[in-house]
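In: Fold the stuff below for me.
(one chain, ligands or ions: 2)
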Amino acid sequence: MKILGIESSCDETAAAVVEDGRNVISNVVATQIPFHEKYRGVVPEIAGRKHIEWILPVVQQALDEASLSIHEVDGIAVTNRPGLMGALLVGVTFGKSLAWAANKPFVGINHMHGHLYAAHLEQDIEYPYIGLLVSGGHCIICKAYNFDTIEVMGTTIDDAPGEAFDKVAKFYNFGYPGGPAIDRLAKKGNPKAANFPSPHIHHKGHEYDVSYSGLKTAVINQIDQFWNPDFPKTDENIAAAFQERAISILLKSLLKVVKETGITRVVAGGGVAANSLLREKLAAHTELECIFPSLKYCTDNGAMIAGVGYHYLKAGRVDPLNTGAFSRVDGFRKKPR
Ligand code: KG4
Ligand code: ZN
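Out: Numbers count the residues shown, from 1 in each chain. Ligands and ions are numbered 1, 2, ... in the order given. Now for the predicted structure:
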């Protein structure tokens, strides 16, 4: 089965053709980063307008590179939740129209399920495993029992990790998007230059949650309080000390979940999974089997959406053409079926 996947939930207009959930035949990502750069953040109105302009040529290119006409694909999978409403609607409306015109089955996909699936595009992965989904808008630590049964164990109680990278970078003018800019700067800085605070979340039912607002406030508004005076306050040192804490917050919750479940296979996904310190620190945990997608499948793409779509469509799960877009969802089902 060849599935066309379409992704337009944030600032990438993306389409891909994937065969049998595994063989990526084409994968086109048109990034809007240059259009949002001067605002140092994604402007929803601009994102929606760019998606409208680019969706047709991007989908056309994905089909051309796969040497297929729309009549030769077996189904259309589109991100329909969560994301920016105006951005999601472009992909969803386009995908449904195409499905109607070409008489193809349509399925709406949860963007975070796509991120969790990204690593599956490149290798066979056995269940169960712990999923670490970290992006600009989300943070989900989950237990994946099988393809469709995913239990959320922890999440963020405030900001997503990528959002913290982006906001710190915006404040200190490190570059846009903030994640890759901080990752680059931090390589030349010393993580011991500051000792930023780590959150303590004690509420029952939130044992595995993370929080980034305290770290963000500390780095932006209270930096002197946490700075080690032996080090100069350079961009590189700020980036390194921030990144050190940002990643240790994630690892702390992840390792708690590993301990609680006894599951040592960890599958990462989402833009922050591209972070080199996260990859390095996880690799040092030799008791874990850590699986990361290639960098091109960490950030938003259509291939991960086509991959999830394949499994649904193969199982006969087709969505009606009045399916809507949803800006928010509560992650996955809380408990396994
Ligand atoms: O998954 P993604 O493309 O979009 C969302 O679904 O949010 O993730 C984008 C996020 C941004 O916040 C970006 O700064 C962050 O991923 N990011 C990184 C790195 N590369 C991208 N964060 C830390 N280190 C990186 N190397
Ligand atoms: Zn994403």
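In: where does the stretch 51-200 of the chain come near ligand 1, residue by residue?
Out: Contacts of the stretch 51-200 of the chain with ligand 1, taken as CB under 6 Å from any ligand atom, map to 135-137, 162, 165-166, 177-180, 183. C-beta: built from backbone N, CA, C; applies to glycine.
In: And these, which is closest to Met1?
Out: When those are compared for distance to Met1 (CB to CB), Ser135 wins out at 27.5 Å.
In: Now that closest one: closest residue in space, sequence neighbours ignored.
Out: Closest residue to Ser135 apart from its sequence neighbours, by CB to CB, 6 or more residues apart in numbering: Gly270 at 3.4 Å.
In: same check, this time on Ala306
Out: Gly5 (2.7 Å).
In: Next one, pLDDT for that neighbour please.
Out: Looking at Gly5, its pLDDT is 99.
In: Name all residues that make contact with the residue nearest to His138 when sequence neighbours are not counted.
Out: Of all residues not flanking His138 in the chain, Ala160 sits nearest, at 5.3 Å (CB to CB, 6+ apart). Ala160 sits next to 134-139, 212 when contact means CB atoms under 8 Å, 6 or more residues apart in numbering.
In: Run through the stretch 1-150 of the chain and note the low-pLDDT ranges.
Out: The model of the stretch 1-150 of the chain has no residue with pLDDT under 70.
In: Could you tell me the phi and psi values at the closest residue to ligand 2 within it?
Out: Proximity of the stretch 1-150 of the chain to ligand 2 (CB to the ion) peaks at Ser135, 4.4 Å away. With angles defined as degrees, to the nearest 10, Ser135 sits at phi -140, psi -170.
In: thought it was touching Asn275?
Out: No: the pair Ser135 / Asn275 is not scored as a contact, 11.2 Å apart, by CB atoms under 8 Å.
In: about what we covered before: and for the residue of the stretch 1-150 of the chain closest to ligand 2, the neighbour number?
Out: 25 (other CB atoms under 10 Å).
In: And Pro232, by the same measure?
Out: Neighbours of Pro232 (other CB under 10 Å): 10.
In: That one in helix, strand or coil?
Out: The three-state assignment at Pro232 reads coil, by DSSP: H, G, I helix; E, B strand; the rest coil.
In: Contact partners for it?
Out: Contacts of Pro232 (CB under 8 Å, 6+ apart): none.
In: how close does it sit to Arg317?
Out: 57 Å (CB to CB, to the nearest Å).
In: Then Ala218?
Out: 45 Å.
In: Between the two, which is the more surrounded one?
Out: Shown here are Ala218 and Arg317; by other CB under 10 Å, Ala218 has more neighbours (18 against 12).
In: That one falls within a helix, correct?
Out: Yes: note on Ala218: a helix contains this position according to three-state DSSP.
In: next structured bit after whichever helix or strand the residue nearest to Ala306 is part of?
Out: Following DSSP states H and E, one finds Gly5 within strand 2-7. Next along the chain after strand 2-7, taking DSSP H and E as the criterion, comes strand 12-19.
In: Need phi/psi at the nearest residue to Lys187 once chain neighbours are set aside.
Out: Once flanking residues are discounted, Lys187 sits nearest to Ser276: 7.4 Å by CB to CB, 6+ apart. Per-residue torsions, Ser276: phi -70, psi -30 (degrees, to the nearest 10).
In: Can you spell out which helices and strands pack onto the helix or strand harbouring Ile130?
Out: In the assignment (DSSP H and E), Ile130 maps to strand 129-134. In terms of contacts (3 or more CB pairs under 8 Å, 6 or more residues apart in numbering; DSSP states H and E), strand 129-134 is packed against helix 111-117, strand 139-146, helix 235-261, strand 265-269.
In: what's the offset of the next helix-or-strand element following the second one from the middle of its chain?
Out: Read it as strand 139-146. Counting by DSSP H and E, the next helix or strand C-terminal to strand 139-146 is strand 149-155. Centroid separation for strand 149-155 versus its chain: 15 Å, with CA atoms, centre = their mean, to the nearest Å.
In: quick one, strand 149-155 and strand 139-146 angle?
Out: 160 degrees (axes from the mean of the first three to the mean of the last three CA atoms, to 10 degrees).
In: could we number from 26 for the rest of this?
Out: Let's use 26 as the start, then, which means that last one is strand 174-180.
In: So which elements touch strand 174-180?
Out: Counting by 3+ CB pairs under 8 Å, 6+ apart, strand 174-180 packs on strand 164-171, helix 260-286.
In: Please spell out which residues along the following helix or strand past it are buried.
Out: Of the helices and strands lying after strand 174-180 in sequence (DSSP H and E), the nearest is helix 186-197. For helix 186-197, the neighbour count (16 or more other CB atoms under 10 Å) marks 186-195, 197 as buried.
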